[in-house]
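Participant: let me see the structure of the following:
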Amino acid sequence: MQNTLARHCSVTGTGLHSGKPVRMRLVPAGADTGLIFRRMDCPADIRDIPVRPENWVEASLCTVLQNAAGVRISTIEHLMAALHGCGVHNLIIEIDSAEVPILDGSAAPFVRKIMAAGVRPLDAPLKVLRVLKPVAVEKGDARARLSPAPQLELAFEIDFAEPAIGHQRQSLRMSNGAFLRELSDCRTFCQRRDVEQMQAAGLALGGTLDNAVVFHDGAVLSPGGLRRADEPVRHKMLDAMGDLYVAGMPILGRYEGVRAGHALTGRLLQALLADPSAHEIVTLDEAARKRLPGAGISLADLPLSA
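Facilitator: Numbering: from 1, shown residues only. Sure, this is the predicted structure:
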């Protein structure tokens, strides 16, 4: 069964790269609408950007969609992860900017808004994308892979020279509220020199110690330190959760990323969809629906840190 929100809700914040205020409204939508970003600052005939694979644009720092008219929306990954994790399949996202607000750098603030508004079932069958055989992509020492699994599973491995990050590995099944409990509060991260370089280039103008975990010479500069000892690798899993939802429907399969980022996960999704023998679109029975990320969740699943 498909879901939308029970009522609309508003989100305000700052754009990570522009540093400017962003207003966004999440509006319930009918069955088979899908997820649509609506740029309210653009003319009415070109403002809609549907969330679907053909609108994905390769980018390294964030996830970007662009419609046929060239209108873009960026930094969508944390909101997409929240929608995926909360089981929201139909929604109009009205926004007055070219980027989604960064908030605290995690998906938890979006989850709170979604859960407060409520998720409402719609009388329509839900289609899901099932992985039938392994598909993989790589670039240099980075790799990403999708393989068959009865539910969505995420595994990630990172390796950074920064001693406060180092080598981290994690693997989780995204059912029974696991996304909310295990990943939703994990924030984006970077090294201080990365912030300085980006801001010198006119990027990350809205980046602060309050919307990212900033590392420098073995220390965590952000107030309060880490929310989890392995918060960086868990945030990479959060990003993958959002990037995979660009498929426009839930995915049944196991995702494995090694030093992967937004661009590689996007390429992986494109590779999966380009091979008809590697996937199928199906409707699920009741037992399988209970294994989807948004099934049976509640605000109690959110960590206290969120």
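Participant: so how far is G85 from the residue nearest to the spatial centre of the chain?
Facilitator: Nearest to the mean C-alpha position of the chain, by C-alpha atoms, centre = their mean, lies G242 at 2.0 Å. In this view, G242 and G85 are 9 Å apart by C-beta to C-beta, to the nearest Å. From N, CA and C alone the C-beta is placed, and that goes for glycine too.
Participant: any residues in contact with both of those two?
Facilitator: Between them, G242 and G85 share these contacting residues under C-beta atoms under 8 Å, 6 or more residues apart in numbering: A107.
Participant: pLDDT value on the residue sitting furthest away from the middle of the chain, please?
Facilitator: Residue farthest from the centre of the chain, counting by C-alpha atoms, centre = their mean, is D217 at 28.7 Å. Confidence at D217, expressed as pLDDT, is 88.
Participant: which helix or which strand is home to G13?
Facilitator: strand 9-14 (DSSP states H and E).
Participant: name the next helix or strand downstream of that strand, please.
Facilitator: strand 21-28.
Participant: tell me the buried residues in that following strand?
Facilitator: Buried positions in strand 21-28, judged by neighbour count with 16 or more other C-beta atoms under 10 Å: V22, M24, R25, L26, V27, P28.
Participant: if we only consider the residues you listed, which is nearest to G224?
Facilitator: Closest to G224 out of the buried residues of strand 21-28 is V22 (24.3 Å), distances taken as C-beta to C-beta.
Participant: beta partners of the closest one?
Facilitator: Counting by DSSP bridges, V22 is bridged to G13.
Participant: cool, and the one 5 residues further on?
Facilitator: On the basis of DSSP bridges, V27 takes part in beta bridges with I92.
Participant: my guess is it meets H8, correct?
Facilitator: Yes: using C-beta atoms under 8 Å, V27 is in contact with H8, at 4.8 Å.
Participant: thinking again about what came up before, average model confidence for the helix or strand harbouring the residue nearest to the centre of the chain?
Facilitator: Under the criterion of DSSP H and E, G242 resides in helix 231-244. The average pLDDT within helix 231-244 is 98.
Participant: helices or strands up against it?
Facilitator: When contacts are defined as 3 or more C-beta pairs under 8 Å, 6 or more residues apart in numbering; DSSP states H and E, helix 231-244 packs onto helix 77-86, strand 153-159, strand 167-173, strand 189-191, strand 213-216, strand 254-258, helix 262-274.
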